[in-house]
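[1] Pasting the sequence and the predicted coordinates here, then a few questions.
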Amino acid sequence: MPHPINIKRVYEPAGEADGFRVLVDRVWPRGMTKEKAEVDLWMKDIGPSTDLRKWFSHDPERWEEFRRRYREELAKEPELIEELRGYARKGPLTLVYSAKDEAHNQAVVIREVVKG
């Protein structure tokens, strides 16, 4: 990708370096207004399925299996991945998420897949 793909918690303030901001959660973040989120797009269909999200429950011990299962889900949504690649070709892209764990969340996996 010619431009950076960043990941950032939705609760952190938006910055100029963020470029195009895409919320990648299936569920809108608790306590967050659309104005505060400052996202350009809410791509809720790219978030992990409800079953996978509940199974994972942000347990770091389940991370590798979550990554494997989630990549399988993403493989069934190639148009969403290609849409994100299109934004990254135009300028900086920031995948925004709400999880507390910055190392174990869907945005990390999405960035890996988008970068190819």
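    Cool, the structure landed.
[2] Quick one: list the elements packing against the one helix or strand residue 96 maps to.
    Assigned by DSSP states H and E, residue 96 belongs to strand 93-97. Here strand 93-97 touches strand 5-9, strand 20-23, helix 78-90, helix 106-115, going by 3 or more CB pairs under 8 Å, 6 or more residues apart in numbering; DSSP states H and E. The way it works is simple: take the backbone N, C-alpha and C, and place the C-beta from them, glycine included.
[3] counting contacts, what elements does the longest one pack onto?
    For helix 78-90, the helices and strands in contact under the criterion 3+ CB pairs under 8 Å, 6+ apart are strand 20-23, strand 93-97, helix 106-115.
[4] Try it again at 7 Å.
    strand 20-23, helix 106-115 (3 or more CB pairs under 7 Å, 6 or more residues apart in numbering; DSSP states H and E).
[5] pLDDT (mean, whole number) over that helix?
    The pLDDT scores in helix 78-90 average 97.
[6] And for that helix, what's in contact with it?
    With CB atoms under 7 Å, 6 or more residues apart in numbering as the test, helix 78-90 has contacts from 1-3, 5, 20, 22, 43, 45-46, 74, 93, 113-114.
[7] picking up where we left off before, show me the strands paired with the strand holding residue 96, marking each as parallel or antiparallel.
    Next to strand 93-97 in the sheet, as set by DSSP bridges, lie strand 5-9 (parallel), strand 20-23 (parallel).
[8] List just the one of the ones you listed that sits closest to residue 61.
    Ranking the strands paired with strand 93-97 by their distance to residue 61 (criterion: CB to CB) puts strand 5-9 first, at 21.4 Å.
[9] tilt between the closest one and helix 78-90?
    Strand 5-9 and helix 78-90 meet at an angle of 110 degrees, taking axes from the mean of the first three to the mean of the last three CA atoms, to 10 degrees as the criterion.
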